[in-house]
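K.L.:
Take this sequence and fold it.
(chains A, B, C and D)
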Protein chains: 2
Amino acid sequence: MAARTKTATDPIACCTPVRTDSLDEADAELLARSFAALSDPIRLRLLSFITSADGEVCACDLVEPSGRSQPTVSHHMKILVDAGLVTREKRGLWVWYQAAPARLDALRAVLG
Amino acid sequence: MAARTKTATDPIACCTPVRTDSLDEADAELLARSFAALSDPIRLRLLSFITSADGEVCACDLVEPSGRSQPTVSHHMKILVDAGLVTREKRGLWVWYQAAPARLDALRAVLG
DNA sequence: GCGATACATTGACGAACGTCGATGTAGTGC
DNA sequence: GCACTACATCGACGTTCGTCAATGTATCGC
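P.N.:
Numbering: from 1, shown residues only, chains lettered A, B, ... in the order given. Sure, this is the predicted structure:
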């Protein structure tokens, strides 16, 4: 390891593996999918809108502030629900969303 | 607000705005870009590999365990560096990466 | 100078994504 | 039954992404 810090050109000194990987492929795939749900500004604003509200938010209140069409908002909300970041409940004609902090906590733990 | 919880069809009871948004468009765009850097399994494994190592990791040690070609690894590392998640230092022929925990801490704070 | 090595960049390709209009489905009120 | 509303799904489009082989650039030892 000490030999690896020198600025030389010996290939052997460089390319011995540092250590065995700590995040296996399956976990990486799952985590990546969760972070992908957070990788769109519209979804982040939708999530922020819901988490900052105390209690539930009606889907009908998400279209106008997001500045996107109703099908697009529905598409994004499905991604957030599938990622486990919000829960969805249909009552009558309307759909109500609620923050699901457990998944956010899990992601936060991964980053720490 | 109490009227909004009933399962009726009165449009006025539904569609008054809940509250003003808390995450503006510029912040959302910036955050989304950071999370996008974490939304690929290969990048997560590369990042995990580097953060779990004490000190620096040579770029030459990232190609083989990632199972991707050298240009692809270089591409992913550039994304991680641009996102501020790792730092890059060239010494001689080799490039050394190091974890930059500040950005990860910031993202963790956002999730909390 | 020359040859070899480590990494970045380019260009191309298919796949996945975000978006919308149009349409489908389920629920309400009459 | 019918008309209306809220939301989901479908199909299409342009854009972005991940990937590689080929090539370029910088550095080393000679």
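K.L.:
Please tell me how far the residue most central in space within chain A sits from B:R43.
P.N.:
Nearest to the geometric centre of chain A sits A:F35, at 2.9 Å (Cα atoms, centre = their mean). Distance from A:F35 to B:R43, counting by Cβ to Cβ, to the nearest Å: 9 Å. Where you see a C-beta, it was placed from the backbone N, CA and C, and this is true even at glycine.
K.L.:
got it, and A:D105?
P.N.:
Per Cβ to Cβ, A:D105 is found 22 Å from B:R43.
K.L.:
More neighbours: those two, which one.
P.N.:
Set A:D105 next to B:R43 and count neighbours by other Cβ atoms under 10 Å in any protein chain shown: B:R43 wins out with 24 against 12.
K.L.:
Could you check how many residues crowd around the closest residue to the more buried one other than its chain neighbours?
P.N.:
Nearest in space to B:R43, with sequence neighbours left out and distances taken as Cβ to Cβ, 6 or more residues apart in numbering or on different chains, is B:H76 at 4.9 Å. Number of residues near B:H76 (other Cβ under 10 Å) recorded here: 21.
K.L.:
any idea which element B:H76 lies in?
P.N.:
helix B:70-82 (DSSP states H and E).
K.L.:
how about stretch A:24-43: buried residues?
P.N.:
Residues of stretch A:24-43 classed as buried by neighbour count (16 or more other Cβ atoms under 10 Å in any protein chain shown): A:28, A:31-32, A:34-43.
K.L.:
pLDDT below threshold where in chain A?
P.N.:
By pLDDT under 70, the low-scoring segments of chain A are A:1-21.
K.L.:
picking that back up, doesn't B:R45 make contact with the residue nearest to B:R43?
P.N.:
No - the criterion here is Cβ atoms under 8 Å, and B:H76 misses it with B:R45 at 9.5 Å.
K.L.:
Mutual contacts of the two, please.
P.N.:
Common neighbours of B:H76 and B:R45 (criterion: Cβ atoms under 8 Å, 6 or more residues apart in numbering or on different chains): B:S66.
K.L.:
filter the buried residues of stretch A:24-43 by proximity to DNA strand C?
P.N.:
Applying Cβ under 7 Å from any atom of the strand to those, one finds that A:A36, A:S39, A:D40, A:I42, A:R43 fall near DNA strand C.
K.L.:
Need the max-distance pair from those.
P.N.:
A:A36 and A:I42 (13.4 Å; Cβ to Cβ).
K.L.:
Helices of chain A, residue ranges please.
P.N.:
A:11-14, A:25-37, A:41-52, A:63-66, A:70-82, A:101-111 (DSSP state H).
K.L.:
looking at those helices, which is closest to B:R88?
P.N.:
Of the helices of chain A, the one closest to B:R88 (Cβ to Cβ) turns out to be helix A:11-14, at 16.3 Å.
K.L.:
interface residues of chain A facing DNA strand C?
P.N.:
A:9, A:11, A:14-15, A:36, A:39-40, A:42-43, A:68-72, A:75-76, A:79, A:90, A:92-93.
K.L.:
Which PyMOL command selects the buried ones in these?
P.N.:
Of those, the buried ones go into a single PyMOL selection, burial set by 16+ other Cβ under 10 Å:
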select buried, chain A and resi 14+36+39+40+42+43+68+76+79
